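Participant: Any chance you can model this:
(4 chains)
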Number of protein chains: 2
Amino acid sequence: MSADETPDQSVPDEVHEELMAATYRALCAHGYADLTMQRIADEAGKSKSLLHYHYGTKQELLVAFLGYLFDRFEARVAATEGDAPETRLRVLLDKMVPGADDDRDYDRFGLALNELRTQAPYVEAYREQIARNEAVIRRRLADIIREGVEKGDFREVDADRTASLLFAALDGARLQRVAVTDPSGTETASQSAFDAPTEVRAALDEFVVENLVREGGDE
Amino acid sequence: MSADETPDQSVPDEVHEELMAATYRALCAHGYADLTMQRIADEAGKSKSLLHYHYGTKQELLVAFLGYLFDRFEARVAATEGDAPETRLRVLLDKMVPGADDDRDYDRFGLALNELRTQAPYVEAYREQIARNEAVIRRRLADIIREGVEKGDFREVDADRTASLLFAALDGARLQRVAVTDPSGTETASQSAFDAPTEVRAALDEFVVENLVREGGDE
DNA sequence: AGTGGCTGACTGACTAGTCAGTTAGTGAGT
DNA sequence: ACTCACTAACTGACTAGTCAGTCAGCCACT
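Facilitator: Residues are numbered from 1 along each chain as shown, chains lettered A, B, ... in the order given. The predicted model follows:
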């Protein structure tokens, strides 16, 4: 089935799921820089050797993990198919920058994922996997915008370019929140009471979404 | 106990400059994850012990380095003072996302700096320094926009919010370019011939800057 | 009785940080 | 001018610790 990215070794689905979930938890708990095979093993309640047994190297395990994440994201996004472009756009944007109401440790995870991503330029296997994932997401954004333009809901804009802006801005916003936010909960520095993702979402709505949507005929 | 908490004062200017430059080069060459005291020392042609002698720990050395970077950026930005808001805005944006024509290893450095930044949530000393730096940059953006609004060059927008969007978008763009770009020069994956920063700059010009600049009466 | 899933003990490579000691320079007393 | 005392800059060798990856063998099946 979806045990696609691990070519030779057929990891039993049940074990695979368990180890991927353990990797997720370990990333949330320790971040990528302090992620060790031992910590993942501890999180799974299994031995470190088992990880090597199933995935070979740490790098291969993490590539498998990226594939696992991608599958999950795709599944979530596919659920919105069929809705109106504007709705789908807003939902997708919300999905990419979870508000404070969302999953508590999503922040910690997004943080760790960003760490992992910064390693992409140095690790070809990461780079491939990540580039593939992001290209698909960006394409989805562009498709939604294109659909909106065709249906007449949106102004005639360059869909790819607009998608790039949205993607980049949200990405940057997430990065900023994450960089300034202390995961232990304490508020830091002088510039508090300022939430980058919220600000950016508001600005995007003002400049892009509102600007995109044609006057008249909604709701 | 010789190594004190105040590196900038205790380290002789000449040596400080040399070691900071060596740190810069070491970051370009190896990235943050593979940055070791030995590599910095090698780059400086000095011993590893010297780094510890002057800065105490690796963390303190890197905090000093962030301060060094910040000073340099401030100096560069201050040079544009006095120009028209629109010009200053465009120049500053260009400065934040260097085109392909710019410094060759700026890409590699920006990459390493992103790595370092992702460690901010885990290292309070980094977080403080980085938050301080970014707050000042964002404030500069906002000031320029505010000035533009006051002079009547720009539409009446929320300066802080707009600055946040610009900052976040450019940040995300830089991150994306960097994540997909292979530092060794080889083109990767299918999605080539697409430069995120360029796309985003274009989109920002379309949605924000053009939108910002007054062209006679509208609204 | 043999195979796949799994483990504990181990290794080799590597790293931040320490420490005793060297070198070069400065200034004071004679 | 020549020691002597002191100090800052600097180094090589070392410690203590971490980590990915290996390997011989255990256990539960069939």
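
Participant: Could you list the low-confidence segments of chain A?
Facilitator: The model of chain A has pLDDT under 70 over residues A:1-10, A:96-106, A:172-212, A:214-219.

Participant: Residue A:58 touches residue A:37, doesn't it?
Facilitator: Yes. With contact defined as CB atoms under 8 Å, residue A:58 counts as touching residue A:37 (5.8 Å). No exception for glycine: its C-beta is placed from N, CA and C like everyone else's.

Participant: Need the overlap of contacts for these two.
Facilitator: Shared contacts of residue A:58 and residue A:37 (CB atoms under 8 Å, 6 or more residues apart in numbering or on different chains): residue A:51.

Participant: more crowded one of the two?
Facilitator: Neighbour comparison, residue A:58 and residue A:37: the larger count goes to residue A:37, with 18 against 14 (by other CB atoms under 10 Å in any protein chain shown).

Participant: Leaving out the residues flanking it, which one is nearest to the more buried one?
Facilitator: Spatially, and ignoring its direct neighbours in sequence, residue A:37 is nearest to residue A:48 (4.9 Å; CB to CB, 6 or more residues apart in numbering or on different chains).

Participant: Pull the contacting residues for the one you found.
Facilitator: Contacts for residue A:48 were tallied using CB under 8 Å, 6+ apart; they are A:37-38, A:40-41.

Participant: and the host helix or strand of residue A:131, what does it pack onto?
Facilitator: Using DSSP states H and E, residue A:131 sits in helix A:124-151. Applying 3 or more CB pairs under 8 Å, 6 or more residues apart in numbering or on different chains; DSSP states H and E, one finds that helix A:124-151 makes contact with helix A:58-78, helix A:85-96, helix A:106-118, helix A:159-180, helix B:159-180.

Participant: does that helix come close to DNA strand D?
Facilitator: No. Counting by CB under 7 Å from any atom of the strand, DNA strand D is not contacted by helix A:124-151; separation bottoms out at 11.5 Å.

Participant: now that helix and helix A:106-118, what's the angle there?
Facilitator: Between helix A:124-151 and helix A:106-118, the angle comes out at 110 degrees (axes from the mean of the first three to the mean of the last three CA atoms, to 10 degrees).

Participant: can you pull the buried residues of helix A:124-151?
Facilitator: A:126-127, A:129-131, A:133-134, A:137-138, A:140-142, A:144-149 (16 or more other CB atoms under 10 Å in any protein chain shown).

Participant: Can you confirm whether stretch A:110-119 lies near DNA strand D?
Facilitator: No. Stretch A:110-119 lies out of reach of DNA strand D by CB under 7 Å from any atom of the strand, never closer than 12.7 Å.

Participant: what's the burial count for the closest residue to residue A:143 other than its chain neighbours?
Facilitator: Counting by CB to CB, 6+ apart, residue A:143 lies nearest to residue A:159, which is 7.7 Å off, once chain neighbours are set aside. Residues lying near residue A:159 (other CB under 10 Å) number 20.

Participant: Relative to residue A:88, how far out is residue A:159?
Facilitator: Remark: distance between residue A:159 and residue A:88 (CB to CB, to the nearest Å) = 13 Å.

Participant: Quick check: neighbours shared by the two?
Facilitator: Contact criterion CB under 8 Å, 6+ apart; no residue bridges residue A:159 and residue A:88 by contacting each.

Participant: residues in chain A within reach of DNA strand C, list them.
Facilitator: A:12, A:15, A:46-50, A:53-54.

Participant: Now render these as TSV, adding secondary structure.
Facilitator: Formatted as TSV, those follow (DSSP: H, G, I helix; E, B strand; the rest coil):
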residue	secondary structure
A:12	coil
A:15	helix
A:46	coil
A:47	coil
A:48	helix
A:49	helix
A:50	helix
A:53	helix
A:54	helix
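
Participant: Pull the most distant pair out of those residues.
Facilitator: Spatially, the most separated pair among the residues of chain A next to DNA strand C is A:12 and A:48, at 18.3 Å (CB to CB).

Participant: Could you report the separation of residue A:125 from residue A:67?
Facilitator: Plainly put, residue A:125 is 11 Å away from residue A:67 if you go by CB to CB.

Participant: So what does residue A:154 look like in phi/psi?
Facilitator: Residue A:154 adopts backbone torsions of phi -110, psi 160, taken as degrees, to the nearest 10.

Participant: what does residue A:119 give?
Facilitator: Backbone torsions for residue A:119, taken as degrees, to the nearest 10, come to phi -90, psi -10.
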